[in-house]
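1. fold the following, please.
(chains A and B)
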Amino acid sequence: MPRQPAPDLSPRVSDEIRRTTCYMCACRCGINVHLKDGKVAYIEGNRDHPINKGVLCAKGSAGIMQHLSPARLRKPLKRVGPRGSGEFVEISWDEALNTAAAWLKPLRETAPEKLAFFTGRDQSQSFTGWWAQSFGTPNYAAHGGFCSVNMAAAGIYTMGGAFWEFGQPDWDRTRLFMIFGVAEDHDSNPIKMGLGKLKARGARVIAVNPVRTGYNAVADDWLAVTPGTDGLLILALIHELFRLGRIDLDYLIRYTNAPYLVNAEEGAEKGLFLRDETGTPLVLDRRTGQPACWNAAGVQPDPAGDWNGHKTVLRLMAERYLDPAHAPEAVADRCGIPADRIRAVAAELARVAFEEEITLNQPWTDFRGQRHETMIGRPVSFHAMRGISAHSNGFQTCRALHVLQILLGSVETPGGYRFKPPYPKAVETHPKPHAGVTPGQPLDGPHLGYPLGPEHLLINDDNSARRIDKAFTWDNPMSAHGMMHMVIANAHAGDPYKIDTLFLYMANMAWNSTMNTSEVMQMLTDTDESGTYVIPRIIYSDSYSSEMVAFADLILPDTTYLERHDCISILDRPIGEPDSMNDAIRWPVVEPDRDVRGFQSVLLDLGVRLGLPGMVDDDGSARYRDYADYMVRHERRPGIGPLAGWRGNGDGAGRGAPNPDQLERYIDNGGFFTSHIPEGAQFFKPWNQGYQDWAVARGLFDKPAPYIFSLYSEPLRRFQLAAEGYGDRQPPDRLRERIKRTLDPLPIWYEPFEDAMVSQGDFPLHALTQRPAAMYHSWGTQNAWLRQIHGMNPLYVPRKVWEQHGFADGDWAWLTSAHGRIKVPVARMDALNDNTVWTWNAIGKRRGAWALSPDAPEAEKGFLLNHLISELLPDRGDGHRWSNSDPVTGQAAWFDLRVRIEKAPPGPPSEPVHPAQVSPVGQGPTTLARHS
Amino acid sequence: MTSLPEQTERKLGLAIDLDTCVGCHACVISCKGWNTENYGAPLSDTDPYGKDPVGTFLNRVHAYEVTPQDNAPFTVHFPKSCLHCEDAPCVTVCPTGASYKRTEDGIVLVNEDACIGCGLCAWACPYGARELDALAGVMKKCTLCVDRIYNETLPEEDRVPACVRTCPAGARHFGDFADPDSTVSRLSRERGGIELMPELGTRPVNRYLPPRPRDTLQGCAPAPQGDPSTEGLTGFLGWIDRTLSRF
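-> Residues are numbered from 1 along each chain as shown, chains lettered A, B, ... in the order given. From the prediction side, this is the model:
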């Protein structure tokens, strides 16, 4: 036998490891960036990081190819060809910033609302929102309105938090995990890590999803629900729990408004809680048979009482949900799930919750001052995302799911769902929306918030909208994240008013981040009779040559995520864990090799040029050197800033004066900060004195703010009362019936609007998208490694439809909706709801974008469903165009889409075909090998 | 022809849990990243931004759909890399001795200095686990991250293959199958770990842990009724009264 070679088994891996935060999706994992000769060589997960604990997904590991992408912009650009062409010249930063300031300054002085500033996958919303507020425009939001605002808002209104950033399952203890409408994102690594823990101990996973991929593929049980019927399914589960007497009565009485009495008297108070003269809600005290304040000492509320016709919340729920209309057999066909299976799932939820009860020997004291020697847990947990959220009945469906978890007594108990600081937070403690404009002055308050009634709507006396996206109007009263999907259409229509400058950041709104892509491209290029663009000016900031770049007049090129400062702030979208509050930074682990600047620093520079309050000192000079300086020195309230760690002299956690060494401390610690919650404060957080006191000490709020959960949501009822004719602010008549029906204070299900409006015979199929695990939004396709996994996206067709149409491998199809028609490649998939087709999101690309060759498969065979989805519902002939959104929150109803399919002539290209845009960065190289 | 060791001291390999793998491709890309910078020639890509991007990967995830006669269809994600066979046909077919199986740990490697890029080994491998790098002209394959697992410059906890370190779901386990007490041996025993295509006689070291039975939560017997019944609003209110009396 020849002598074996002796390879070097201990090669030096790199010269240096710099630890920062990933930006390949919205998880915000910690990463170790290995450098060789000053260049990025390899990226792996940071083992110490609270989010990912060392693991990293495909996107994260491929971050190096994003950092090295040939599509990176190199210098500011000024448009020289027609909009959409991609013809630009490079200009200096001075020229770019002076141009932007010259456009914006007169707007601020005369009509700040003529600037619409919308950010997409922005992870600095507390900063960009602050900038927009200082500018004075009411027209600011990020992408939440077309993402998952239904989930977030339903959670906040119901229990003070939702999934993902708000809370997560108790992965170490849960024994039954049920997911609804979850693709392989939102969030990514933490769910995979959690599933791995569950699998390792053989806990059951139940998936509700029309498509069985990813997490749903490893689920033990799969319910192939018909899109848009999840709410019906959840209410049937609730029906079963009521029928079997399997709800946690003690929990409901202690921690929810289940025992509140609801006023039954006709009039302006009907449906609101019965209150005493101080405004305190009343319950029926079992000791006396008389009403008493819910929080009176020693009160023993009757949860199912009926006092002179005023019934408790739980009584109203029992009456509603025990109705045979909610029985499994009544909904089985509609949901596409056999009644027996629904009953089996309900029984299993009840069995695990009540027969596998967990007891932790951990004393704690509740907000009433009562000490508990143990923590009782119900080890059932849930997670849900866009699949149930992105429907026109999504808000109520999400409410139903949150209510289901509460009925089981599993929220904030061991084994159940757990909040992550800064959540839980009662809806009342969130800001209210603001749109008070004064030329030359800041807005009168934060843009976005949670309305508690008609008094918080952003409307004029004639009910017209004060925001360009018409958020917080009678059409969508609780649009807590704004309605980004309406901005371009409304700006183009000049409805509710014309704007001058559309300023976008990281939002590919000329392509996959918009409904109705082809027409939106026309809106962006449309001119008036004088030949000027209907949307006069567009400024865009992106790191890459995206489709949106081609439609802007001025491009402010951003850095890659490895070249920038960022803060993953508790004031923003936080990265807490159930046992700790955390935040993190990005910092330039390498310097840009192009003439680009981090967008946040650019925004500060622009703010100085505009003299915006908060960004300039009294002498007009810049208050902050750059974004890094802002991260350290900015204070929202005294002692509270963007970063919680190492404040003051370095000992401050959450509170403390700015510390000039703060960023160094973050870098030394691996890029993040953690503060652990004491053991007695880790559960029952909304009601736990220990948690409340800890949260105050950490600056999450300024005084203890315990609250109880809202099974019954009074803010919704207040809008209904207005629709019934009560109050000063009255909705237009066209909306009265809809508000009465859809803003029900207890969860309901109604048919998705598109289902109700189009002929189901003409459009028999549902059409969905989901994101793959190995690609995120439009960003991924420029990535040489990831595009080898997802270079094109077939339309997946269920077996029944496949056979009915005689499709064969390699075939193409026409897919037609009430709004349009596209040509797409098809593939068969059996693990799919019988009446649903689907594809991967955002793989299709416009020719010429992202430094890809024009014949790239993303353009030839990739496609967007977006062309089939209008931001407006089909015309009803009532003189009003209705937004394709949830009637409560305005969430874009992406997944209401209905289609029909027919065979098309074989072969590419997918249609519609858009002409190529000129690439301002050329095309990528023809080979790749080692990069360091 | 190259000979195989009669036996190896250890049998290092992977136990891959098909019940847990969500098909996220994290292992694929982590492997690509590590092995582009480390052992031998980088894993190149041709036409990376063009019509037909093709690169070298040492690990790929395939997805298979199974449609049982009497239950719901399901998807199995199947990560595939070199199985480090004990009777590795890729080694014995190598005309230069470039392909070899290490005597100490059983890892099958390619000595790139001796590889002439003839491709015979890839042809002989029944699993399709080897890829000829188009730029370097040498055969690439999974090394089990031989330059990580013994690497004294790495923290001890990181001395595992890159794919194992990164797997978010914890579906990949690395260890010594010659040690009956190792995690991989134990998992394989407990979960009925399978060899891939044992009929070929290649005696792969890696094991796949099969998916557990799916969709077992079907029509249940009627749940035990409370006595008296909880049916309807009356029943529910009765249940409330009885429950409250126990508080």
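2. enumerate the residues of the stretch 51-200 of chain A near chain B.
-> Contacts of the stretch 51-200 of chain A with chain B, taken as C-beta under 8 Å from any C-beta of the partner chain, map to A:52, A:54-62, A:64, A:70, A:184, A:188-189, A:192-193, A:195-197, A:199-200. (Glycine included, C-beta is placed from N, CA and C.)
3. just the buried residues from those residues, in ChimeraX please.
-> Buried members of these, defined by 16 or more other C-beta atoms under 10 Å in any protein chain shown, are picked up in ChimeraX with:
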select /A:52,54,55,56,57,58,59,60,61,62,64,70,184,188,189,192,193,195,196,197,199
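4. tell me which of the residues of the stretch 51-200 of chain A next to chain B fall in strands.
-> Secondary structure assignment by DSSP state E places none of these in strands.
5. residue A:739 belongs to a strand?
-> No: counting by DSSP: H, G, I helix; E, B strand; the rest coil, residue A:739 falls outside a strand, being helix.
6. how much space between residue A:740 and residue A:829?
-> From residue A:740 across to residue A:829, the span is 41 Å (C-beta to C-beta, to the nearest Å).
7. of those two, which one has the most company?
-> Looking at residue A:740 and residue A:829 with other C-beta atoms under 10 Å in any protein chain shown, you find the greater number of neighbours at residue A:829, namely 22 against 16.
8. can you list contacts of the helix ranked longest in chain B?
-> If you go by DSSP state H, chain B has its longest helix at helix B:232-246. Contact with helix B:232-246 is made by A:242-243, A:245, A:249, A:286, A:302-304, A:314, A:318-319, A:322, B:226, B:228-230, as judged by C-beta atoms under 8 Å, 6 or more residues apart in numbering or on different chains.
9. buried sites along it?
-> For helix B:232-246, a neighbour-count test (16+ other C-beta under 10 Å) marks B:235, B:236, B:237, B:238, B:239, B:240, B:243, B:244 as buried.
10. can you redo those as CSV with pLDDT and distance to residue A:823?
-> Shown next, in CSV, are those (pLDDT from 0 to 100; distance: C-beta to C-beta, whole Å):
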residue, pLDDT, distance to residue A:823
B:235, 92, 57
B:236, 93, 54
B:237, 93, 59
B:238, 93, 61
B:239, 93, 58
B:240, 94, 59
B:243, 91, 60
B:244, 92, 63
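11. adding distance to residue A:788, write those residues out as a markdown table.
-> Compiled in a markdown table, these are given as follows (distance: C-beta to C-beta, whole Å):
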| residue | distance to residue A:788 |
| --- | --- |
| B:235 | 60 |
| B:236 | 57 |
| B:237 | 62 |
| B:238 | 63 |
| B:239 | 58 |
| B:240 | 60 |
| B:243 | 59 |
| B:244 | 63 |
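12. between the contacts of helix B:232-246, which sits nearest residue A:344?
-> residue A:243 (14.1 Å; C-beta to C-beta).
13. so that closest one sits against residue B:231, correct?
-> Yes: using C-beta atoms under 8 Å, residue A:243 is in contact with residue B:231, at 6.6 Å.
14. what about these two, which has more around it?
-> A count of neighbours by other C-beta under 10 Å puts residue A:243 above the other of residue A:243 and residue B:231, at 25 against 16.
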